[in-house]
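Chemist: below are the sequence and a predicted model; questions follow.
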Amino acid sequence: MKIILDENLPRGLKRYLCAYEVTTVQEQGWAGFKNGELMTSIDGVYDVFLTENQRAEAPVF
């Protein structure tokens with residue numbers, strides 16, 4: 001399972017998810033992307049997007 005963490009989450013969270021393939025928005029060079037742009041970049045590449053945003057835009061399938 002491929003997981004990507006949003007830039008508003010602590011990077012140290014990765015160590016608790018070590019059973020999975022985990023990266024961060026920053027590591028992908030996507031820091032500062034708007035939610036729609038970020039969701040488009042993530043779609044089809046990652047299985048799970050973890051964020052602390054209360055109103056993250058859901059991808060359109």
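Modeler: Arrived safely, thanks for sending.

Chemist: residue ranges for the helices of this protein, please.
Modeler: Taking DSSP state H to define them, one finds helices in the chain at 35-42.

Chemist: quick one: the strands in it?
Modeler: Here the chain has its strands, by DSSP state E, at 2-5, 21-24, 48-50.

Chemist: tabulate the ones you listed in CSV, adding columns for mean neighbour count, distance to Lys34 and mean pLDDT.
Modeler: The way it works is simple: take the backbone N, C-alpha and C, and place the C-beta from them, glycine included. CSV is the format used below for the strands of the chain (neighbours: other C-beta atoms under 10 Å; distance: least, C-beta to C-beta, whole Å; pLDDT from 0 to 100):
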stretch, mean neighbour count, distance to Lys34, mean pLDDT
strand 2-5, 19, 16, 96
strand 21-24, 17, 17, 96
strand 48-50, 15, 14, 93
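
Chemist: any chance of these in a markdown table, plus distance to Trp30?
Modeler: Putting these into a markdown table (distance: least, C-beta to C-beta, whole Å) gives the following:
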| stretch | distance to Trp30 |
| --- | --- |
| strand 2-5 | 9 |
| strand 21-24 | 9 |
| strand 48-50 | 11 |
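
Chemist: for Gly36, find the nearest of those strands.
Modeler: Nearest to Gly36, of all those, is strand 48-50, at 12.9 Å by C-beta to C-beta.

Chemist: in this structure, which ranges drop under the pLDDT threshold?
Modeler: For the chain, residues meeting the criterion pLDDT under 70 lie at 54-61.
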